[in-house]
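Asks: the following block contains a protein sequence and its predicted model.
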Amino acid sequence: MQHRNIAFIGAGNMAKAIISGLVNNGYPAQLITATSPSMKQDGPLHNQYGINCSNDNIASVRQADVVVLAVKPQMMAEVCEQIHQQVDLNGKLILSIAAGISVERFYQLLGKVDLIRIMPNTPSLIGLGMSGLYAPAQVSMPDRQFTEQLMQSVGEICWVEQESGINNIIAAAGSAPAYFFLFMESMQQEAERLGFTSEQARLLVQQTALGAAQMVVNNPQLDIATLRQQVTSKGGTTAEALRVFNENGLPEIVASAMQAASKRAVEMEKSL
Ligand SMILES: NC(=O)C1=CN([C@@H]2O[C@H](COP(=O)(O)OP(=O)(O)OC[C@H]3O[C@@H](n4cnc5c(N)ncnc54)[C@H](OP(=O)(O)O)[C@@H]3O)[C@@H](O)[C@H]2O)C=CC1
Ligand SMILES: O=C(O)[C@@H]1CCC=N1
């Protein structure tokens, strides 16, 4: 892929996940800078990945071709206004990974910049990310391709035609690792109650989750429902477990939870 000078403004969980994925995939570390107020030049991020680290947003944005805005949504206005006042963003590509901040809001904060919204998730850390991408019509093809390749280097990508699609990506992928973690936490707790040690319970859950996910990946010709049916013997144990899930409304709970995530993103877009 093409290499450009990238500055991550904000170096928390999500920025670190993308940086780790990029560096492990061969993106030149010397072309990556990460900033945060508490950042030390020779701190852990520098030592681990060899990237440039700074607590100076302005200097970092000035020297960058691509700026990844990776602060919490509630911090975004303050950070953007400071950048807008001090740096000419003309010719730079701005990438936002924030939930709940619309393109229109970014134009208010930064002026009419070249901006693409990305909605990644934390498995980017291990190259298994899932990112949604949205670009307004005027964004150039080279900028779209660069962003696509950037995020493909840490996982899979899915373009959305409408900006509202980003909120649905949040529901289906951005927030979704946490759904699977909650499910696994609940299973681990019950496995411990059934008498396994914490380590055994974790192994049982993580290996089963990994195996199930890998079976879905390896069998694109099979519906996920078919894979479920292959585990479920008539009158057997799995059928009993699934009966309890269904009687307690698991599909409806999942649907409501995903809708709640998307709705929250819409609310954030109105308030931030
Ligand atoms: N976590 C996730 O799974 C996902 C998160 N996102 C989005 O990613 C963004 C970041 O989230 P996440 O990584 O979880 O948040 P974190 O709280 O982990 O990270 C926020 C980072 O911003 C830094 N920061 C705070 N103020 C400033 C400032 N003025 N200038 C520069 N950096 C600053 C913090 O530094 P310090 O520690 O020094 O305060 C920290 O490094 C959010 O907008 C979120 O919506 C999107 C998809 C998934
Ligand atoms: O919880 C959040 O708001 C962020 C966005 C998607 C995942 N984490």
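Replies: That came through fine. Ligands and ions are numbered 1, 2, ... in the order given.
Asks: what residues does the stretch 151-272 of the chain have near ligand 1?
Replies: residue 174 (Cβ under 6 Å from any ligand atom). Every residue, glycine included, has its C-beta placed from N, CA and C.
Asks: and the residue of the stretch 151-272 of the chain nearest ligand 1?
Replies: Taking Cβ to the nearest ligand atom as the measure, the stretch 151-272 of the chain has residue 174 as its residue closest to ligand 1, at 4.3 Å.
Asks: these two touch, right, that residue and residue 132?
Replies: Yes. Residue 174 is in contact with residue 132 according to Cβ atoms under 8 Å; the separation is 7.4 Å.
Asks: give me the common contacts of these two.
Replies: Shared contacts of residue 174 and residue 132, defined by Cβ atoms under 8 Å, 6 or more residues apart in numbering, comprise residue 119.
Asks: would you list the phi and psi of the closest residue to residue 160 other than its chain neighbours?
Replies: By the measure of Cβ to Cβ, 6 or more residues apart in numbering, the closest residue to residue 160 outside its immediate chain neighbours is residue 134, 5.0 Å from it. Its backbone dihedrals place residue 134 at phi -140, psi 130, with angles given as degrees, to the nearest 10.
Asks: and for residue 115?
Replies: Recorded main-chain torsions at residue 115 are phi -130, psi 140, according to degrees, to the nearest 10.
Asks: who's in contact with it?
Replies: By Cβ under 8 Å, 6+ apart, residue 115 lies in contact with 93, 94, 95, 96, 103, 106, 107, 136, 139.
Asks: repeat that for 7 Å
Replies: 94, 96, 103, 106, 136 (Cβ atoms under 7 Å, 6 or more residues apart in numbering).
Asks: and the residues you listed near ligand 2, which?
Replies: With Cβ under 6 Å from any ligand atom as the criterion, the subset of these in contact with ligand 2 is empty.
Asks: in ChimeraX, how would I select the buried members of these?
Replies: Only the buried entries of those go into this ChimeraX selection, using 16 or more other Cβ atoms under 10 Å:
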select :94,96,103,106
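Asks: show me where the stretch 51-200 of the chain has strands.
Replies: Taking DSSP state E, counting those that start in this stretch as the criterion, the stretch 51-200 of the chain carries its strands at 52-54, 66-69, 93-96, 114-119, 129-134, 155-159.
Asks: any chance of these in TSV, plus mean pLDDT and distance to residue 170?
Replies: As requested, the strands of the stretch 51-200 of the chain are arranged in TSV below (pLDDT from 0 to 100; distance: least, Cβ to Cβ, whole Å):
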stretch	mean pLDDT	distance to residue 170
strand 52-54	98	28
strand 66-69	98	16
strand 93-96	98	13
strand 114-119	98	6
strand 129-134	98	8
strand 155-159	98	12
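Asks: packed most tightly, which of those would that be?
Replies: Highest mean neighbour count among the strands of the stretch 51-200 of the chain (mean count of other Cβ atoms under 10 Å): strand 66-69, with a mean of 26.
Asks: surely the residue nearest to residue 160 touches residue 166?
Replies: Yes. The pair residue 134 and residue 166 passes the contact test of Cβ atoms under 7 Å, sitting 5.1 Å apart.
Asks: which neighbours do these two have in common?
Replies: Listed as contacting both residue 134 and residue 166 by Cβ under 7 Å, 6+ apart are 117, 160.
Asks: that older thread, wait, what's in contact with the residue nearest to residue 160?
Replies: Per Cβ under 7 Å, 6+ apart, neighbours of residue 134: 116, 117, 160, 163, 165, 166.
Asks: report the contact partners of residue 227.
Replies: When contacts are counted by Cβ under 7 Å, 6+ apart, residue 227 touches 215, 216, 219.
Asks: which strand or helix spans it?
Replies: Here residue 227, judged by DSSP states H and E, is contained in helix 224-231.
Asks: so what touches the helix or strand that that helix is followed by?
Replies: The helix or strand immediately downstream of helix 224-231 is helix 237-247, counting by DSSP H and E. Residues from elsewhere that reach helix 237-247 (Cβ under 7 Å, 6+ apart): 231, 232, 233.
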